[in-house]
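> Quick one: sequence plus predicted model below, questions after.
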Protein chains: 2
Amino acid sequence: MYSYQRLFDFTQKIFLSIGCPAEDALLATETLLSADLRGIDSHGVARLVGYVRLWEAGRINPTPNVRIVHETPSTATVDGDGGLGLVVAPKAMQIALEKAKNVGSGWVSVKNSNHFGIAGYHAMKALEHDMIGMAMTNASPLVAPTYSLERLLGTNPIAVAVPANEQPPFVADLATTTAANGKLEILQRKNLEAPHGWIQAADGSSSTNPNELKDGGALLPLGGDTGSHKGYALGAVVDIFSAVLSGANYGPWVPPFVSFLAPPANPVGEGIGHFFGAMRVDAFRPADDFKNHMDNWITTFRNSKAKDGHHVLIPGDPERESEVIRLKEGIPLLPPVVKDLEGLGDKFGVTL
Amino acid sequence: MYSYQRLFDFTQKIFLSIGCPAEDALLATETLLSADLRGIDSHGVARLVGYVRLWEAGRINPTPNVRIVHETPSTATVDGDGGLGLVVAPKAMQIALEKAKNVGSGWVSVKNSNHFGIAGYHAMKALEHDMIGMAMTNASPLVAPTYSLERLLGTNPIAVAVPANEQPPFVADLATTTAANGKLEILQRKNLEAPHGWIQAADGSSSTNPNELKDGGALLPLGGDTGSHKGYALGAVVDIFSAVLSGANYGPWVPPFVSFLAPPANPVGEGIGHFFGAMRVDAFRPADDFKNHMDNWITTFRNSKAKDGHHVLIPGDPERESEVIRLKEGIPLLPPVVKDLEGLGDKFGVTL
């Protein structure tokens, strides 16, 4: 187990070492480690080495000038200037919050960014302001649209965070695929088969081989074998809001997160794209009315009669419970992740 | 086959007969019949008798005063005054469009309404203004959240319409369940089994019996047996945006569409709820840039390599093709639907 503070200090020093200004290193560290706290191990400190390799390949600008390039009272397009998504995204979400403060809602599409960690973290920034927050991002193409043999969409997550009063907030954060890529990586490591409906082979047939993507296979949109057209449509909306609105790369042109794969030739935009939204709840009704009804919504669903051996969860429950435990007991890291971090430590003279 | 014009004239006269003002009867007819044109037979003229029965039961106000009860520059809450959703929804969408014209985007939550037809129709109202349109609604509870045995959510659809330039628009319109209730009704009529992942029995076990809902069963959220927590989260977001924001009924309190079932006692709000959004594409980048990139997005996906015997569709393709055919060749109606319409005709002295 590694304490949050220990991983925080280490990660912050690594971001400083690659040239991030102090404020940005702090922001990037908080954003990245929110995944480890919330139990989304695939998106946290395990990816630190990936961000550093992209920086080494000259594909991340450690000192970006994140700026608005187009705006109206309720919308903005932000140029991330090739910065870490971990830095660009919180700054763009802040713009959405400010616009919502002024005119009721704020909507920000971002180009020229990189991976931004977990979507839920950004959406949750709205909660303390009694706002509903939303966050989406496109990502490297791994997903075949319904009937297609080509990988044209990323796992393109959607997050929505809604404040309540006495109850903890509602926080949905979901990839628009049947399974996130992180779950596939776990099956690969454990040498297990994937359930039907997660993956197709290169010829479009159903597959349970978690290594199928290496042979031209693809992840399936949410809905899998029986309704993937819905997941395809949702993933497409994320791609359009994040990248066609902002001027980022979309579809098969989204650059890969890994440094050993080159970005596609003839890009259609700049970097990857995100989309953020914020709505003040008191832009619709008094905030206390809304939050009290959210309490009623949450308790009604949570207390509904469940299948034997189960209880009904509210979106965000497992991640919030993980956060409590991991802040207290520490964060478990797999041996290969520790090895990667120690390698980074050696490179930059930082002790884990 | 019944020509669009013939069904239009008939439906308009029925709405006039129940006391709708001329302008509202026109609006309701256009909205309702858009479902028949687009091939969503379950939501079109087949439901006319249902709307009339609700009016007979005193549960629809034919002369509503649809009005804004709370607003900011980019948001509004609308009271539908118990009117037909077919009338309330277009008026609320119009408010979203006007706000988007003024400040870049407009977001409207609606209470005290009824079923509004197909979500896609409302979202598409944005297209002619070079805006992205969104529409959602909650609905009678038929869906059990993941692990729950209770029906707490409706099929809660989400529609997103995006304009393109040379290409036809992208129009996603999806229930947040594995299968819409209309598809289940078709299986019931044909006495066929449902695929796994659509339905659960009263004890939460998987079922293929399309009549299971009559015995305490429930529809499953999108994702079915392998990922229903995602569909549950999406359906919940629709419920919250449509009803907790506006002050409509949510969760198990949403009143049933059928007149023979009484609305739940102790309502938590007024009527059912909808949510509409509009974003000007030129609030993010020049409209021509956006629409040309949408053309590229659409042709890239449509022309991608497909499985044998298939081609890759863009959301909205099947419905648009249906509209072309049905405007030309007419709309097929099942015998029980014709019988219902003839019964309405007899009642109000209107010839089908």
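Perfect, I can see it now.

> Just the pLDDT for residue A:259.
Predicted confidence (pLDDT) for residue A:259: 88.

> right, and it touches residue A:58 too?
No - Residue A:259 lies out of contact with residue A:58 (Cβ atoms under 8 Å); the separation is 9.5 Å. The C-beta positions use only the backbone N, C-alpha and C, and glycine is treated the same way.

> Identify the residues contacting residue A:172.
A:120, A:158, A:159, A:160, A:161, A:315, A:316, B:233, B:234, B:236, B:237 (Cβ atoms under 8 Å, 6 or more residues apart in numbering or on different chains).

> Around chain B, which positions in the stretch 251-352 of chain A sit nearby?
A:251-252, A:268-269, A:279-281, A:283-285, A:289-290, A:293-294, A:296-297, A:300-301, A:304-308, A:310-313, A:315 (Cβ under 8 Å from any Cβ of the partner chain).

> Looking at those, which are in helices?
A:289, A:290, A:293, A:294, A:296, A:297, A:300, A:301 (DSSP state H).

> Just the pLDDT for the fourth one.
Spelled out, it's residue A:294. Per the predicted model, pLDDT is 98 at residue A:294.

> nearest spatial neighbour of it, skipping sequence neighbours?
Leaving out its chain neighbours, the residue that sits closest to residue A:294 by Cβ to Cβ, 6 or more residues apart in numbering or on different chains is residue A:164, at 3.9 Å.

> likewise the first one?
Distances taken as Cβ to Cβ, 6+ apart put residue B:247 closest to residue A:289, at 7.3 Å, once the chain neighbours are dropped.

> For the one you found, grab the count of nearby residues.
By other Cβ atoms under 10 Å in any protein chain shown, the residues close to residue B:247 number 26.

> got the contact list for the residue in chain A sticking out farthest from the centre?
Most distant residue from the mean C-alpha position of chain A: residue A:308, 32.8 Å away (Cα atoms, centre = their mean). Contact analysis of residue A:308 by Cβ under 8 Å, 6+ apart lists residue B:204.

> that older thread, can I assume the residue nearest to residue A:289 is in contact with residue A:292?
No - look at residue B:247 against residue A:292 with Cβ under 8 Å: they stay out of range, at 11.6 Å.

> could you show me where the strands are in the stretch 1-150 of chain A, in order?
A:67-72, A:75-79, A:105-113, A:131-137 (DSSP state E, counting those that start in this stretch).

> And the average pLDDT for the last one is what?
Predicted confidence along strand A:131-137 averages 98 (mean pLDDT).

> Run through the neighbouring helices and strands of that strand.
Counting contacts by 3 or more Cβ pairs under 8 Å, 6 or more residues apart in numbering or on different chains; DSSP states H and E, strand A:131-137 packs against helix A:85-103, helix A:119-124, strand A:158-162, strand A:272-280.

> Looking at the last one now, give me its mean pLDDT.
Averaged over strand A:272-280, pLDDT sits at 98.

> Which strands border that strand, and is each parallel or antiparallel?
Neighbouring strands of strand A:272-280 in its sheet, by DSSP bridges, are strand A:105-113 (antiparallel), strand A:131-137 (antiparallel).

> The longest one versus strand A:67-72: what angle between them?
If I follow you right, that is strand A:105-113. Following axes from the mean of the first three to the mean of the last three Cα atoms, to 10 degrees, one obtains 140 degrees for the angle between strand A:105-113 and strand A:67-72.

> Could I get the CA-only coordinates of strand A:105-113 as CSV?
Coordinates of each C-alpha in strand A:105-113 appear next as CSV, following Å, rounded to 0.1, in the frame of the first residue of the first chain:
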residue,chain,number,x,y,z
SER,A,105,-25.2,27.5,-17.7
GLY,A,106,-21.7,27.2,-19.3
TRP,A,107,-20.5,24.8,-22.1
VAL,A,108,-16.9,24.5,-23.1
SER,A,109,-15.5,22.5,-26.0
VAL,A,110,-11.7,21.9,-25.9
LYS,A,111,-9.2,21.2,-28.7
ASN,A,112,-5.5,20.6,-28.7
SER,A,113,-5.5,18.6,-25.5
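
> Check which residues of that strand are buried.
Buried residues in strand A:105-113, counting neighbours by 16 or more other Cβ atoms under 10 Å in any protein chain shown, are found at A:105, A:106, A:107, A:108, A:109, A:110, A:111, A:112, A:113.

> so it versus helix A:85-103, what angle?
160 degrees.

> What is the burial count for residue A:171?
Residue A:171 has 25 nearby residues by other Cβ under 10 Å.

> For residue B:91, see how far away it is.
Separation of residue A:171 from residue B:91 (Cβ to Cβ, to the nearest Å) stands at 33 Å.

> Need the max-distance pair from the buried residues of strand A:105-113.
The most widely separated members of these, counting by Cβ to Cβ, are A:105 and A:112 (24.0 Å).

> my guess is residue A:48 meets residue A:12, correct?
No - applying Cβ under 8 Å, one finds residue A:48 not in contact with residue A:12, separated by 10.8 Å.

> Tell me which helix or strand the nearest residue to residue A:13 once chain neighbours are set aside sits in.
With Cβ to Cβ, 6+ apart as the criterion, residue A:13 has its nearest non-adjacent residue at 4.5 Å, and that residue is residue A:350. Using DSSP states H and E, no element contains residue A:350; it sits outside every helix and strand.

> and residue A:350, what does it touch?
A:10, A:13, A:14, A:17, A:344.

> I'd like to know how far the last one sits from residue A:37.
I take that to be residue A:344. 20 Å.

> Quick check: residue A:47 touching residue A:32?
Yes - contact criterion Cβ under 8 Å: residue A:47 and residue A:32 qualify, at 7.2 Å.

> Name the residue in those two with the higher neighbour count.
In terms of neighbours (other Cβ under 10 Å), residue A:32 is the more surrounded of residue A:47 and residue A:32; the figures are 30 against 20.

> wouldn't that one be in contact with residue A:49 here?
No - the criterion here is Cβ under 8 Å, and residue A:32 misses it with residue A:49 at 11.7 Å.

> Indicate which one of the strands paired with strand A:272-280 is closest to residue B:72.
Nearest of the strands paired with strand A:272-280 (Cβ to Cβ): strand A:105-113, 7.7 Å.

> can you tell me the helix or strand for residue A:172?
Residue-wise, residue A:172 maps onto strand A:170-174 under DSSP H and E.

> Return the residues in contact with the one residue sitting closest to the centre of chain A.
Chain A has residue A:118 as the residue nearest its centroid, 3.0 Å off, counting by Cα atoms, centre = their mean. Going by Cβ under 8 Å, 6+ apart, residue A:118 touches A:34, A:35, A:38, A:40, A:43, A:157, A:159, A:173.

> let's see 10 Å
A:31-32, A:34-38, A:40, A:42-44, A:124, A:135, A:137, A:157, A:159, A:173, A:319 (Cβ atoms under 10 Å, 6 or more residues apart in numbering or on different chains).
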